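In: sequence and computational prediction follow.
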Amino acid sequence: MPRESYLIHRPRTLTSALVFASPHSGCDYPEWFIRRSLLNAHTIRTSEDAFVDKLFEVAPEFGAPFLVAGAPRAFLDLNRAADELDPALIHGVRKIGHNPRIASGLGVIPRVVANGRSIYSGKMALDEANRRIETYWRPYHQALAELLAQAHETFGKAILVDCHSMPREAVENVSRNGRPRPEIVLGDRFGAAAHSEVMDQIEAAFAEAGFEVSRNTPFAGAYVTQHYGRPSRRQHAIQIEIDRSLYMDERRIKPHSDFAAFRERLGSVIARIVEIGRPEDRSLAAE
């Protein structure tokens, strides 16, 4: 099993209602898992949001916590509901209705990685699937809920930034009325997960740093955004997808020569976003 269910990078002093989280950047692949898989140690990483944890790890320096998943996405998908079990992969699971994520092999225990490549040669026991959920999914989401509750209690609001990366090919053909393809895609479930003012401010932070930004196309947010976004309760959730080609060689899954410069550029955006969650009276910040 992966060594950790999650890690929390906490600020020395909590000064913002922002909570950053990365559910897909885990890269702790147990040897037994690789041996069991049809895929080699490189190919199994193709669904991973590689290095997103490194890109956003600066957030605590600006006063906001950063939650990072320990389990890799190919092992367990934390951006799915715990009951999104795939009957084509897991013994004893019955198909109930039509779920396009499950049908495509992308349930809470994924059956495939990028480009539909199968992870396993057969099915797994329901007990094993439940064990992964109890060991990794529930602790991660409990930690996330607690971070949001702390932010809300301290600042009267909470803003979750769910941090992801996307393959360049995902946005190659996105039509935007003649504008360049998006480099950043912000998802708020078409306004259901965050107040428009919060979305506007986050979009402005990226745009002012020179990024091409799109809203909800082609990614509007999945389980995390849908579940935690409650703008009527002053709890907002926005998914951020970053074009991987901006900072890494997608084929080799390695940072490229512009990684450090991109990380610094993104750091300025993170600093700006954190400001959205600061109280007007800074004495409200929690030690």
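Out: Nice, thanks for sending it over. The shown structure was predicted, so the numbers you read here are calculated from the model rather than taken from an experiment.
In: when you work out contacts or count neighbours from here on, use the C-alpha atoms and nothing else.
Out: OK.
In: how far away is the residue lying closest to residue 133 once chain neighbours are set aside from residue 136?
Out: In space, and not counting its chain neighbours, residue 133 is closest to residue 82: 6.8 Å by C-alpha to C-alpha, 6 or more residues apart in numbering. Distance of residue 82 to residue 136, computed by C-alpha to C-alpha, to the nearest Å: 11 Å.
In: which residues in the stretch 51-200 of the chain form strands?
Out: 66-69, 158-166, 184-187 (DSSP state E, counting those that start in this stretch).
In: which elements pack onto the first one?
Out: When you say that, I think you mean strand 66-69. strand 6-9, strand 18-22 (3 or more C-alpha pairs under 8 Å, 6 or more residues apart in numbering; DSSP states H and E).
In: would you list those in CSV and tack on distance to residue 179?
Out: Below are those laid out as CSV (distance: least, C-alpha to C-alpha, whole Å):
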stretch, distance to residue 179
strand 6-9, 37
strand 18-22, 29
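In: okay if I get the ones you listed as CSV plus mean neighbour count?
Out: Formatted as CSV, these follow (neighbours: other C-alpha atoms under 10 Å):
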stretch, mean neighbour count
strand 6-9, 17
strand 18-22, 27
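In: could you look up the SS state of residue 239?
Out: strand (DSSP: H, G, I helix; E, B strand; the rest coil).
In: and it, how many neighbours?
Out: 26 (other C-alpha atoms under 10 Å).
In: report the contact partners of residue 100.
Out: With contacts defined as C-alpha atoms under 8 Å, 6 or more residues apart in numbering, residue 100 has no neighbours.
In: what separates it from residue 84, distance-wise?
Out: Residue 100 is 10 Å from residue 84, by C-alpha to C-alpha.
In: got it, and residue 179?
Out: In terms of C-alpha to C-alpha, residue 179 sits 37 Å off from residue 84.
In: need the helices for the stretch 51-200 of the chain, in chain order.
Out: Taking DSSP state H, counting those that start in this stretch as the criterion, the stretch 51-200 of the chain carries its helices at 52-56, 100-103, 126-132, 138-155, 196-208.
In: thought residue 184 was touching residue 209?
Out: No: counting by C-alpha atoms under 8 Å, residue 184 stays clear of residue 209, with 11.4 Å between them.
In: which of those two has more neighbours?
Out: residue 184 (23 against 13).
In: and residue 115, what's its pLDDT?
Out: pLDDT recorded at residue 115 is 89.
In: give the contact list for it.
Out: Per C-alpha under 8 Å, 6+ apart, neighbours of residue 115: none.
In: which residues does the closest residue to residue 57 other than its chain neighbours contact?
Out: Leaving aside its sequence neighbours, residue 57 sits nearest to residue 66 (C-alpha to C-alpha, 6+ apart; 6.8 Å). If you count contacts by C-alpha under 8 Å, 6+ apart, residue 66 has them with 8, 9, 10, 19, 20, 21, 22, 56, 57, 59, 60.
In: could those go into a markdown table alongside pLDDT?
Out: Below are the contacts of residue 66 laid out as a markdown table (pLDDT from 0 to 100):
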| residue | pLDDT |
| --- | --- |
| 8 | 98 |
| 9 | 98 |
| 10 | 98 |
| 19 | 98 |
| 20 | 98 |
| 21 | 98 |
| 22 | 98 |
| 56 | 98 |
| 57 | 97 |
| 59 | 98 |
| 60 | 98 |
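In: out of these, the closest to residue 270 would be?
Out: Among these, residue 59 lies closest to residue 270 (C-alpha to C-alpha), at 6.5 Å.
In: and that closest one, how far is that from residue 278?
Out: 13 Å.
In: neighbour-wise, which of these two wins?
Out: Each of residue 59 and residue 278 has its neighbours counted (other C-alpha under 10 Å); residue 59 has more, 22 against 19.
In: hmm, residue 271 and the more buried one touching each other?
Out: Yes: at 7.4 Å, residue 59 and residue 271 qualify as touching, with contact defined as C-alpha under 8 Å.
In: report pLDDT for the nearest residue to residue 21 once chain neighbours are set aside.
Out: Computed as C-alpha to C-alpha, 6+ apart, the closest residue to residue 21 that is not its neighbour in sequence is residue 67, at 4.5 Å. pLDDT recorded at residue 67 is 98.
In: looks like residue 67 contacts residue 5 (just checking).
Out: No: Residue 67 lies out of contact with residue 5 (C-alpha under 8 Å); the separation is 10.6 Å.
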